[in-house]
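**Student:** Below: sequence and its predicted model.
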Amino acid sequence: MARLSNQPLRAGQRIAARIEYHGGHYHGWQAQPHLAVPTVQEALEAALQKIAGVPLRTVCAGRTDTGVHAFGQVIHFDDPVGRSPKAWVMGTNRHLPADIRVHWAVPVATEFHARFSATARRYRYIILNADQRPALLDGLVTWERRTLDVPAMNEAAQCLLGEQDFSAFRAAHCQASTPMRCITDCSVAARQQRVVIDVTANAFLYHMVRNIAGSLIAVGIGAQSVDDFRSVLIGRDRAAAGDTAPAEGLYLVQVRYAEAFALPRTPEGPTLLEGTL
């Protein structure tokens, strides 16, 4: 647990913070004032403004889409007035809706950037593999009633490791300058009725994790073989890959930075993400 200091900081001090939110109630992360449905960034900045007394802007590690959740989102902003870390956490949370929370806020060096300083991001995709659609977990997991072959899915996932061209799992509207990304870890495991896909990379293309999840589900239900999955990756053809998996099963669980920034450690995740509920 991060220790919250009462010591006021100097005006202009850069602050990093960890944010958790339920993405199902928001139109993604990025502020879009013309929309009727609020975004996470808008709700967070409105609460931060209550503490600062003046408007401020936040930068996040990864701009999640509509319906996507976060357990370990990291942001930064420049403190315009000189509040304490405790004020930024406790005060901001008092003005936030219950589905968004600030877990810690710490001063960081001016060169820290929530997005560009990140060395890796880890996403988790959760599938409830059960006969009936869930009630208590509605909006928090993706439901698949067909029995999934988890070992085959995990075998296919190993094809993704390393620096590769991920055009086959890139959305049509992706604006990244290159489809090259480096996945350092990808696994699929069964945890009670949940099938959990964990993937870590230096960065991700637009809808990349959801497109990978959709293709792994296709392997799991027998619609594609492991060799088919490998051929899709090598072929770089998005049309040959599986459908884009629903947003509600996706969580940004961790963002990693150099140890020199000395950010508090992000826990592994709540019991829901571990599949013990």
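**Tutor:** Yes, it's here.
**Student:** Where does pLDDT dip in the protein?
**Tutor:** Flagging of the chain using pLDDT under 70 yields the residue ranges 1-3, 268-277.
**Student:** domain assignment for it?
**Tutor:** Domain assignment for the chain, taken from automatic domain parsing, gives 14-117, 120-251.
**Student:** Let's see the distance spanning the last one from one end to the other.
**Tutor:** What it means is domain 120-251. 15 Å (C-alpha to C-alpha, to the nearest Å).
**Student:** could you dump the longest strand along the chain to PDB, C-alpha only?
**Tutor:** In the chain, assigned by DSSP state E, the strand with the most residues is strand 180-191. Provided in PDB are the C-alpha atoms of strand 180-191 (Å, rounded to 0.1, in the frame of the first residue of the first chain):
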ATOM      1  CA  MET A 180       5.600  -4.000 -35.300                       C
ATOM      2  CA  ARG A 181       5.200  -4.700 -31.600                       C
ATOM      3  CA  CYS A 182       7.100  -6.900 -29.200                       C
ATOM      4  CA  ILE A 183       5.000  -9.300 -27.000                       C
ATOM      5  CA  THR A 184       7.200 -10.600 -24.100                       C
ATOM      6  CA  ASP A 185       4.600 -12.900 -22.500                       C
ATOM      7  CA  CYS A 186       1.200 -14.400 -23.500                       C
ATOM      8  CA  SER A 187      -0.600 -17.200 -21.700                       C
ATOM      9  CA  VAL A 188      -4.000 -18.700 -21.600                       C
ATOM     10  CA  ALA A 189      -5.100 -20.500 -18.400                       C
ATOM     11  CA  ALA A 190      -8.300 -22.000 -16.900                       C
ATOM     12  CA  ARG A 191      -9.200 -20.700 -13.500                       C
END
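**Student:** Give me the helices and strands touching the very next helix or strand once past that strand, please.
**Tutor:** Using DSSP states H and E, the helix or strand that follows strand 180-191 in sequence is strand 194-201. Where contact means 3 or more C-beta pairs under 8 Å, 6 or more residues apart in numbering; DSSP states H and E, strand 194-201 is packed against strand 120-129, helix 150-157, strand 180-191, helix 208-220. Yep, even glycine has a C-beta here, placed from its N, CA and C like the rest.
**Student:** With distance to V40 added, can I get the ones you listed in JSON lines?
**Tutor:** Shown next, in JSON lines, are the helices and strands packed on strand 194-201 (distance: least, C-beta to C-beta, whole Å):
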{"stretch": "strand 120-129", "distance to V40": "16"}
{"stretch": "helix 150-157", "distance to V40": "29"}
{"stretch": "strand 180-191", "distance to V40": "24"}
{"stretch": "helix 208-220", "distance to V40": "18"}
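**Student:** For G249, which of the ones you listed is the nearest?
**Tutor:** Checking these against G249 by C-beta to C-beta gives strand 120-129 as the closest, at 5.0 Å.
**Student:** Distance from the chain centre to that closest one, please.
**Tutor:** Relative to its chain's centre, strand 120-129 lies at 9 Å (C-alpha atoms, centre = their mean, to the nearest Å).
**Student:** One more: stretch 143-163?
**Tutor:** Its chain's average C-alpha position is 19 Å from that of stretch 143-163, according to C-alpha atoms, centre = their mean.
**Student:** Endpoints of that stretch, how far apart?
**Tutor:** Terminal-residue distance, stretch 143-163 (C-alpha to C-alpha): 31 Å.
**Student:** who's in contact with that stretch?
**Tutor:** Residues from elsewhere that reach stretch 143-163 (C-beta atoms under 8 Å, 6 or more residues apart in numbering): 127-134, 166, 180-190, 195, 197, 199, 212, 215-217, 219-222, 225-226, 229-230, 233.
**Student:** re earlier: list the buried residues of the longest strand of the chain.
**Tutor:** Of the residues in strand 180-191, R181, I183, C186, V188, A190 count as buried by neighbour count, 16 or more other C-beta atoms under 10 Å.
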